[in-house]
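1. generate a structure from the sequence data that follows.
(chains A and B)
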Amino acid sequence: KNEVEQSPQNLTAQEGEFITINCSYSVGISALHWLQQHPGGGIVSLFMLSSGKKKHGRLIATINIQEKHSSLHITASHPRDSAVYICAVLNNNDMRFGAGTRLTVKP
Amino acid sequence: GAVVSQHPSWVICKSGTSVKIECRSLDFQATTMFWYRQFPKQSLMLMATSNEGSKATYEQGVEKDKFLINHASLTLSTLTVTSAHPEDSSFYICSAQISGANVLTFGAGSRLTVL
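-> Now for the predicted structure:
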């Protein structure tokens, strides 16, 4: 079993839909990152969470430390949100990644 | 905001040559930098953790003599792929961790093609 499990692996949505991507982990962490990777390869760290909830524009990330689970939500999805979303957990200098969720938002 | 510059963004080399990739934090000090490798349509794979002034910590299965990492200053880490072979062709990405924080900033990546 992977230490970081992400679901779904692939997700296709219509523009405007509410998107949820889930991440469960089995290791102790000091922080969890949600990363976005566009087709060109560049990676952006969307959120860094150690507890609770964060919001940035249409993006919301939550984490439940007790349940070792985090979710990334996208409200009013748009085709430009199409990317691979990766959950990464950090424990001191040790980092583990989920397999990624490939999101395609159709107009 | 924090910016990480990675260079070169793409490189093509002949088999047997060595290639150096640089990762610079432009406006912050990074005591820790991470190097990743990504195969097509796969997630990131952590190769090594690089701490300024000390030897890098390599993940299991990553050859330290093949992938030389140097973190000589608080703003620069380099990855050298030695005696490159076609199977080393991949997308290499670095990230830098701001000193004392869990914040990560990623470089744009370097696409290596070994002929």
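
2. sec struct for residue B:87, please.
-> helix (DSSP: H, G, I helix; E, B strand; the rest coil).

3. let me see the contact set for the closest residue to it other than its chain neighbours.
-> Closest residue in space to residue B:87, ignoring its immediate chain neighbours: residue B:114 at 7.9 Å, by CB to CB, 6 or more residues apart in numbering or on different chains. For every residue, glycine as well, the C-beta is placed using N, CA and C. Shown in contact with residue B:114 (CB atoms under 8 Å, 6 or more residues apart in numbering or on different chains): B:12-15, B:84-89.

4. what about residue B:114, distance to residue B:81?
-> Counting by CB to CB, to the nearest Å, the gap from residue B:114 to residue B:81 is 8 Å.

5. how about residue A:104?
-> Taken as CB to CB, the span from residue A:104 to residue B:81 is 33 Å.

6. name the element the spatially most central residue of chain B belongs to?
-> Centre of chain B computed as the mean C-alpha position; nearest residue by CA atoms, centre = their mean is residue B:35, 3.8 Å away. Take DSSP states H and E as the rule and residue B:35 turns out to sit in strand B:32-38.

7. gap between that strand and the chain center?
-> 5 Å (CA atoms, centre = their mean, to the nearest Å).

8. immediately after it, which helix or strand?
-> Downstream of strand B:32-38, the first helix or strand assigned by DSSP H and E is strand B:44-51.

9. that following strand vs strand B:32-38, what angle?
-> 160 degrees (axes from the mean of the first three to the mean of the last three CA atoms, to 10 degrees).

10. helices or strands next to strand B:44-51 in the packing?
-> strand A:94-97, strand B:32-38, strand B:57-58, strand B:67-73 (3 or more CB pairs under 8 Å, 6 or more residues apart in numbering or on different chains; DSSP states H and E).

11. which elements pack onto the last one?
-> In this structure, strand B:67-73 makes packing contacts with strand B:32-38, strand B:44-51, strand B:76-81, judged by 3+ CB pairs under 8 Å, 6+ apart.

12. nearest to residue A:16, of the ones you listed?
-> Among the helices and strands packed on strand B:67-73, strand B:44-51 comes nearest to residue A:16, with 30.0 Å by CB to CB.

13. so what are the sheet partners of that closest one and their directions?
-> Applying DSSP bridges, strand B:44-51 is found paired with strand B:32-38 (antiparallel), strand B:57-58 (antiparallel).

14. flag the shaky bits of the chain, pLDDT-wise.
-> Because you didn't say which chain, this covers chain A. Within chain A, the stretches with pLDDT under 70 are A:1, A:93.

15. correction: the question concerned chain B.
-> In the predicted model, chain B carries pLDDT under 70 at residues B:1, B:102.
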